[in-house]
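Asker: Here is a sequence together with a model predicted from it:
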Amino acid sequence: SLWNAVLRVCKVDLLKCRTGQNRQEHNTHCFLDDHLIVRRGQCFNMWVDLCRPFNPSCDKLHLELKLGHIPSIRDGTYVIVPIVEEFKKGCWGAKIVEQGQNRIKLCVHSVPTACVGRYQLSVMTHCPGGRFTLPYVPENDIYMLFNPWCKDDCVYLSDEAERAEYVLNDMGRIYYGTKQQIACKTWNSGQFEKGILSACMYVLEKSCTPCSGWGSPIDISRVVSDMVSLHFLLINTLISCWKAFKMVRVSMKCTYILLHFLVVLRCLGIPARPVSNFCSAHDTDVCLTTDVYLDEKFQLIDHMNRDSIWNYHVWNEAWMTRSDLPSGFGGWQVVDSTPQLTSQGFFRCGPTSVAAIRSGQTFLKHDVPFLFAEVNNDKVYWQRRCDGTFGVVHTEKDVVGHCISTKAVGSDQRVDITNLYKHPLGSSEKSTALETALRHGLRRCTYPLPCAEDVVCEVSLKEDGPCVGKDAVLYINLKNKCSSPRSVTLYSQAAAMYYTGVRKTFLKRDQTLFVIFPTIGKPLEWTLSCDEYKEHLVDHTSLMLNLFGHVAQTKQVLATQYSFRLRTPDLVIAPVCDAVLGQEVPVKITFQNPLPCVLKNTAFRFVGLGLQHARVVNYGDIAGHATVCLTEKFIPKCHGPQKLLASFDCPQLTQVHGFTNIVVKQHC
């Protein structure tokens with residue numbers, strides 16, 4: 001009879017259309033991939049087409065979902081989804097919610113602790129006529145993601161605006177420069193472009209880690225950190241798919257890898273944001289001091305100066321609960337693929353509780369001591385004596401962990417989150433945090449100074465600082481706090497620097513002798529001409545003024561290092577007319593060469609406004625101080641508020657970029 005025939009499954013319809021109910025309800029409609037993409041802890045629907053009507057009294061049907069090479073029921077990577085009357089908390093299940101002639105519609109409920117990844121789907125039937133298994137086809141793969149919208153998921157975020165910013169936003173800002181001259185760059189991650197999610201899954205699958213741990217954002221962030229930092233060639237899979245992201249130069253290695261990491265985290269559903277730490281310590285022995293060594297003539301001893309303070313360092317924060325830590329240490333966690341030190345032999349860091357860093361709980365996992373040292377550090381200056389020994393001659397307190405910045409929710413404003421990482425200088429809470437860190441293993445050396453410090457040296461910039469192509473002018477102010485005149489010999493050394501605090505070359509050296517009278521300051525204007533630096537700029541046009549000297553009467557040693565950068569011009573971008581969906585809109589781009597020399601092999605790159613690939617316009621050579629105007633035409637692919645980003649590539653000049661906001665109208 002009909003009911004004794006084998007119940008064959010003809011096909012399944014996963015209702016994976018981007019505009020359909022599944023993708024809309026799961027907030028995965030932004031992905032351009034064609035697979036079913038769902039978030040755990042939430043129901044999704046599917047149709048199962050059969051060879052005959054389904055008879056609940058004698059027909060049995062269930063789904064099987066397999067993850068990884070060796071799926072295991074015990075580990076949650078081999079999931080049996082039975083047909084149920086009612087869903088049970090903590091259990092997979094499927095309800096028949098609609099039935100047609102030869103088809104049934106299932107509502108499938110996943111658990112909020114399910115492993116994320118690419119599941120292979122099979123449909124199994126069992127009836128008096130025998131068993132049937134629908135053959136596996138890749139088109140039926142189901143991509144399971146973390147769910148910040150689900151209260152039972154450990155990455156749950158309660159605020160809708162924060163979910164939009166930290167999960168769904170593919171436009172962001174990175175902050176760089178120095179603490180006195182914070183600059184920003186707008187970037188387009190392209191995280192929803194076709195192939196990016198598949199590449200993220202590929203990274204997980206090639207990590208050689210048990211997929212049974214892929215239900216934990218703690219494990220996932222650690223795995224991805226390993227893969228991004230140790231297997232950067234593997235990430236070329238991601239880069240090759242990442243057509244929209246070509247805006248960050250490779251010289252900004254930590255930023256480049258950070259944004260790859262951010263894309264993976266957000267793609268997988270873990271709320272994440274990029275963070276910039278200005279004056280970030282590279283403390284090689286984690287002793288909370290950065291040591292600078294001078295010889296008898298106040299010259300830097302290069303082979304001894306292994307510590308450095310980066311102008312800035314960037315990492316990601318990921319949002320999650322921490323069931324492996326005491327209460328109160330969940331929330332934002334630092335995850336860093338390019339840390340300045342290794343963790344258990346690997347260049348990885350985190351997830352590190354930001355709350356643990358702030359309170360000095362350095363015994364908690366993972367890598368709290370590293371992060372604590374990056375934002376809490378003194379600079380200690382040592383000088384070689386005539387007998388070859390060294391003594392401490394000057395100390396600068398709390399020189400790192402300034403202006404820790406991230407993008408605001410829902411706007412392009414910068415938010416200072418330094419207070420989340422450390423208490424204010426001089427507060428009792430900061431002292432308690434330091435005592436806690438020292439009590440649990442961190443070392444901190446303190447040194448008495450050889451004499452009173454009557455003379456104080458301060459360096460400052462005028463307004464936003466000097467521009468590239470013009471003379472750099474800094475202001476040095478020496479103050480005499482005592483009641484007697486002081487004779488000071490001051491040695492100044494200007495150097496071109498990489499943003500990591502590594503010197504490229506010295507540019508200028510000076511020596512000055514003068515007298516400072518009691519309670520009166522001695523203002524000095526220090527100048528570095530364009531001709532002195534124009535051939536030596538690297539990275540972010542970073543420079544450093546080293547000031548060392550001594551006071552004749554007291555033998556006090558003056559010492560400070562002041563990092564600054566030469567500001568680069570912005571690209572001026574302006575649409576010539578209103579933008580209409582699907583129609584060409586001309587955009588005018590203006591750039592002026594700030595240097596007197598010719599810029600060789602220049603190019604302009606454009607991203608955004610619906611471009612599927614970065615558009616590169618090779619321009620050629622640009623004469624000194626020449627102005628370039630070009631007009632490019634773009635066809636917007638989406639309506640509403642959009643951004644067009646542009647950057648300028650040239651071997652002699654970096655960090656030239658700009659963006660414009662464009663509102664794209666629908667057809668009239």
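Answerer: Nice, thanks for sending it over.
Asker: could you say which helix or strand contains the residue lying closest to Val335 once chain neighbours are set aside?
Answerer: In space, and not counting its chain neighbours, Val335 is closest to Gly350: 3.9 Å by Cβ to Cβ, 6 or more residues apart in numbering. C-beta: built from backbone N, CA, C; applies to glycine. For Gly350, the element it lies in under DSSP states H and E is strand 349-353.
Asker: Okay, now the sheet partners of that strand, with direction.
Answerer: strand 331-336 (antiparallel) (DSSP bridges).
Asker: quick one: average confidence on the partner strand?
Answerer: The pLDDT scores in strand 331-336 average 95.
Asker: Buried residues in it, which are they?
Answerer: Counting neighbours by 16 or more other Cβ atoms under 10 Å, one finds that the buried residues in strand 331-336 are 332-336.
Asker: how far away is the residue nearest to Val335 from Asp285?
Answerer: According to Cβ to Cβ, to the nearest Å, Gly350 and Asp285 sit 21 Å apart.
Asker: Past the lowest-mean-pLDDT helix or strand in the chain, which element shows up next along the chain?
Answerer: The least trusted helix or strand in the chain, going by mean pLDDT, DSSP states H and E, turns out to be helix 236-241, with a mean of 51. For helix 236-241, the following helix or strand on the C-terminal side (DSSP H and E) is helix 253-267.
Asker: Okay, now the sheet partners of the helix or strand that comes right after that following helix, with direction.
Answerer: Later in the chain than helix 253-267, the nearest helix or strand by DSSP H and E is strand 272-282. For strand 272-282, the pairing partners within the sheet under DSSP bridges are strand 308-320 (antiparallel), strand 402-407 (antiparallel).
Asker: Apart from its neighbours in sequence, what residue is nearest Gln553?
Answerer: Closest to Gln553 by Cβ to Cβ, 6+ apart is Arg486, at 5.9 Å.
Asker: need the contact list for that neighbour.
Answerer: Arg486 makes contact with 454-455, 480, 515-516, 551-554, according to Cβ atoms under 8 Å, 6 or more residues apart in numbering.
Asker: Can I get the buried ones among those as something I can paste into PyMOL?
Answerer: Per 16+ other Cβ under 10 Å, the buried members of the contacts of Arg486 correspond to this PyMOL selection:
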select buried, resi 454+455+480+516+551+554
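Asker: circling back to that earlier point, tell me which of the strands paired with strand 272-282 is the most buried.
Answerer: strand 308-320 (a mean of 25; mean count of other Cβ atoms under 10 Å).
Asker: report the angle between the axes of that one and helix 253-267?
Answerer: 0 degrees (axes from the mean of the first three to the mean of the last three Cα atoms, to 10 degrees).
Asker: can you count the residues close to Ile73?
Answerer: By the measure other Cβ atoms under 10 Å, the count of residues near Ile73 is 9.
Asker: same deal with Arg173?
Answerer: Under the neighbour criterion other Cβ under 10 Å, Arg173 is assigned a count of 19.
Asker: Name the residues linked to it by a beta bridge.
Answerer: Counting by DSSP bridges, Arg173 is bridged to Thr186.
Asker: Would you map the helices across the stretch 101-250 of the chain?
Answerer: Assigned by DSSP state H, counting those that start in this stretch, the helices in the stretch 101-250 of the chain fall at 160-163, 196-205, 217-230, 236-241.
Asker: Asn377 touches Glu396, doesn't it?
Answerer: No. Contact between Asn377 and Glu396 fails when scored by Cβ atoms under 8 Å: they sit 9.8 Å apart.
Asker: Neighbour count: these two, which is higher?
Answerer: Neighbour totals were compared for Asn377 and Glu396, and Asn377 leads with 27 against 15 (other Cβ under 10 Å).
Asker: what's that one in contact with, if anything?
Answerer: Counting by Cβ under 8 Å, 6+ apart, Asn377 has contacts 281, 283, 288-290, 309, 398-401.
Asker: and which of those residues is nearest Ile301?
Answerer: Nearest to Ile301 among the contacts of Asn377, counting by Cβ to Cβ, is Thr290 at 14.6 Å.
Asker: With Phe192 as the reference, measure out to that closest one.
Answerer: Going from Thr290 to Phe192 by Cβ to Cβ gives 41 Å.
Asker: Those two: who's more crowded?
Answerer: For Thr290 versus Phe192, neighbours defined as other Cβ under 10 Å are more numerous around Thr290 (26 against 19).
Asker: what pLDDT does the residue nearest the centre of the chain get?
Answerer: Among the residues of the chain, the one closest to the centroid is Pro274, at 3.5 Å (Cα atoms, centre = their mean). Pro274 is assigned a pLDDT of 96 by the prediction.
Asker: Ser251 too?
Answerer: 42.
Asker: ok, back up a step: now, which of the contacts of Arg486 sits nearest Leu67?
Answerer: When these are compared against Leu67 (criterion: Cβ to Cβ), the nearest one is Val455, at 67.0 Å.
Asker: for that closest one, what are its contacts?
Answerer: Listed by Cβ under 8 Å, 6+ apart, the contact set of Val455 reads 478-481, 486, 488, 516, 551, 556, 558.
Asker: just to revisit the earlier point, correct me, but the residue nearest to Val335 touches Val223?
Answerer: No. Using Cβ under 8 Å, Gly350 is not in contact with Val223, being 11.6 Å away.
Asker: more neighbours, those two?
Answerer: Neighbours around Gly350 and Val223, counted as other Cβ under 10 Å, are more numerous at Gly350. The numbers are 26 against 22.
Asker: residues touching the more buried one, list them.
Answerer: Per Cβ under 8 Å, 6+ apart, neighbours of Gly350: 221-222, 225, 315, 318, 333-336, 366-367.
Asker: need the residues you listed in JSON lines with distance to Arg414, can you?
Answerer: Output for the contacts of Gly350, formatted as JSON lines (distance: Cβ to Cβ, whole Å):
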{"residue": "Ser221", "distance to Arg414": "25"}
{"residue": "Arg222", "distance to Arg414": "29"}
{"residue": "Ser225", "distance to Arg414": "25"}
{"residue": "Trp315", "distance to Arg414": "16"}
{"residue": "Ala318", "distance to Arg414": "20"}
{"residue": "Gln333", "distance to Arg414": "21"}
{"residue": "Val334", "distance to Arg414": "19"}
{"residue": "Val335", "distance to Arg414": "21"}
{"residue": "Asp336", "distance to Arg414": "20"}
{"residue": "His366", "distance to Arg414": "28"}
{"residue": "Asp367", "distance to Arg414": "26"}
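Asker: Retrieve the pLDDT associated with Trp242.
Answerer: 49.
Asker: Give the helix, strand or coil label for Phe659.
Answerer: strand (DSSP: H, G, I helix; E, B strand; the rest coil).
Asker: What residues does it make contact with?
Answerer: 186, 573, 608, 643-646.
Asker: Equivalent analysis for Thr602, please.
Answerer: Contacts of Thr602 by Cβ under 8 Å, 6+ apart are 618-622, 648-650.
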